[in-house]
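# Attaching a predicted model along with its sequence, questions to come.
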Amino acid sequence: MTTASTHWMRLLRLMILGLGALLMLFPFFFMISTSFKPQSEVFSAGLSLIPQQWAIIANYSKAMTRIPMLQILANGLIVCASIVFFQILFALPCAYALAKLKFKGREFLFGLVLLGLLVPIHAISIPLYTTARYAGLLNTLAILVVPFTLSVFAIFLFRQFIKTIPDDLIMAARTDGLTELAIVWRIILPNAWPSASAFAIFSVVAHWNDLYWPLISVSKMHLATPPLGLLFFRAAEAGDDYGALMAATVLITAPLVLFFLFAQKLFIEGMTMTGLKG
């Protein structure tokens, strides 16, 4: 293939990727544009991303004051951070045991982990709700964290990574007198950190955007997570002030976008790394 052909093929790929990126990002551009518009322009006949009149201060002021936006964002941060912390705390030792320890029933237990991947939260929501009701956990931040502290996906992901760690490294640590738990936290975790970072991104995105469980377990506005807070805002606005509604949506979406942009390098490294660096 000639140099000119290579150049045109590269240009064609860039154009296709650029068009795909624009199609994916257009809803976000439209959301931001709508958050800048007054109510009279939201339902105008033409489609224009640039407002004729700007209502940024009015829309974002409503988004910040009609509901406790800062409290709702803080709730999302606390819930997501707590869930990720406990998921890694519990999943890493389980994954290590399934990957490196030899005992009867290990493969059976791993099969149960794989089956657990097939069970959605909706299938067990009624017993979870009933248990939480009798335990007095409804309308607390704890009920938003406790059901998700054990992640079978995290166990599966960490097990696949830990299996690539050489057994000689584990034996050397045992020879030095480290206990199995010490090996997990002092040897496995530092090497599995890219995978843990990638999993953290999956977990934060899933639970930041989760509406189903908070909707049935929390009814107080000051305990709402971001998606539930958006429902409270829509109810307060009677669902017709779309400029302010889009402003609230931007405020709720922005932390997640910034988090992903900040952690994308760790995410890519965690998804591509399959073993120890030489």
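Yes, it's here. Here the structure is a predicted model, which means the values were calculated and not measured.

# just for the stretch 151-278 of the chain, where's the confidence low?
Along the stretch 151-278 of the chain, segments meeting pLDDT under 70 span 236-240, 264-278.

# now with 80?
Scanning the stretch 151-278 of the chain for pLDDT under 80 picks out the ranges 194, 234-241, 260-278.

# Next, count neighbours for His208.
Just so we're on the same page, residue 208 is Trp rather than His. For Trp208, the count of nearby residues is 21 (other CB atoms under 10 Å). (Glycine included, C-beta is placed from N, CA and C.)

# What separation do you get for it and Ile72?
The gap separating Trp208 from Ile72 is 11 Å, by CB to CB, to the nearest Å.

# hey, what's in contact with both of the two?
Listed as contacting both Trp208 and Ile72 by CB atoms under 8 Å, 6 or more residues apart in numbering are 225-226.

# name the element Lys102 belongs to?
Remark: Lys102 resides in no helix or strand, with elements defined by DSSP states H and E.

# again but with Val145, I slipped
Using DSSP H and E, Val145 sits within helix 142-145.

# Go ahead and flag the most central residue of the protein.
Val205 (1.6 Å; CA atoms, centre = their mean).

# Which parts of the stretch 151-278 of the chain are helices?
Taking DSSP state H, counting those that start in this stretch, the helices of the stretch 151-278 of the chain run over residues 152-162, 167-175, 180-183, 189-208, 212-217, 226-236, 242-272.

# So which of these is nearest Phe30?
Nearest of the helices of the stretch 151-278 of the chain to Phe30, taken as CB to CB: helix 242-272 at 8.6 Å.

# so the closest one versus helix 152-162, what angle?
30 degrees (axes from the mean of the first three to the mean of the last three CA atoms, to 10 degrees).

# which sections of the stretch 1-150 of the chain are below the confidence cut-off?
In the stretch 1-150 of the chain (pLDDT under 80), the answer is 1-7, 39-50.

# returning to what we had before: residues contacting the residue lying closest to the residue nearest to the centre of the chain once chain neighbours are set aside?
Beyond its immediate neighbours in the sequence, the residue positioned closest to Val205 (CB to CB, 6 or more residues apart in numbering) is Leu256, lying 6.5 Å away. Leu256 makes contact with 204-205, 208-209 under the criterion CB under 8 Å, 6+ apart.

# Pull up the gap between Leu256 and Leu138, please.
Using CB to CB, Leu256 is found at 26 Å from Leu138.

# Next: Gln53.
Distance, Gln53 to Leu138, using CB to CB: 45 Å.

# do the same with Thr149
To Leu138, Thr149 is 17 Å away according to CB to CB.

# Likewise for Tyr242?
Applying CB to CB, the value for Tyr242 to Leu138 is 32 Å.

# now do Asp241
Distance from Asp241 to Leu138, by CB to CB: 31 Å.

# again, but for Ile32
Noted for Ile32: a distance of 36 Å to Leu138, by CB to CB.

# Please apply the same query to Phe108.
Plainly put, Phe108 is 35 Å away from Leu138 if you go by CB to CB.

# Looking only at neighbour counts, state which of those two leads.
When Phe108 and Leu138 are compared for neighbours, Leu138 comes out ahead with 16 against 8, by other CB under 10 Å.

# tell me the SS of that one?
Here Leu138 is recorded as coil under DSSP: H, G, I helix; E, B strand; the rest coil.

# Include distance to Arg186 when you put the contacts of Leu256 into JSON lines, please.
Below are those laid out as JSON lines (distance: CB to CB, whole Å):
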{"residue": "Val204", "distance to Arg186": "26"}
{"residue": "Val205", "distance to Arg186": "29"}
{"residue": "Trp208", "distance to Arg186": "31"}
{"residue": "Asn209", "distance to Arg186": "34"}
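
# if we take those residues, which one ends up nearest to Ala123?
Asn209 (19.4 Å).

# list the contacts for the nearest residue to Gly76 once chain neighbours are set aside?
Computed as CB to CB, 6+ apart, the closest residue to Gly76 that is not its neighbour in sequence is Pro226, at 4.6 Å. Pro226 makes contacts with 72-73, 75-76, 208-209, 252, as judged by CB under 8 Å, 6+ apart.
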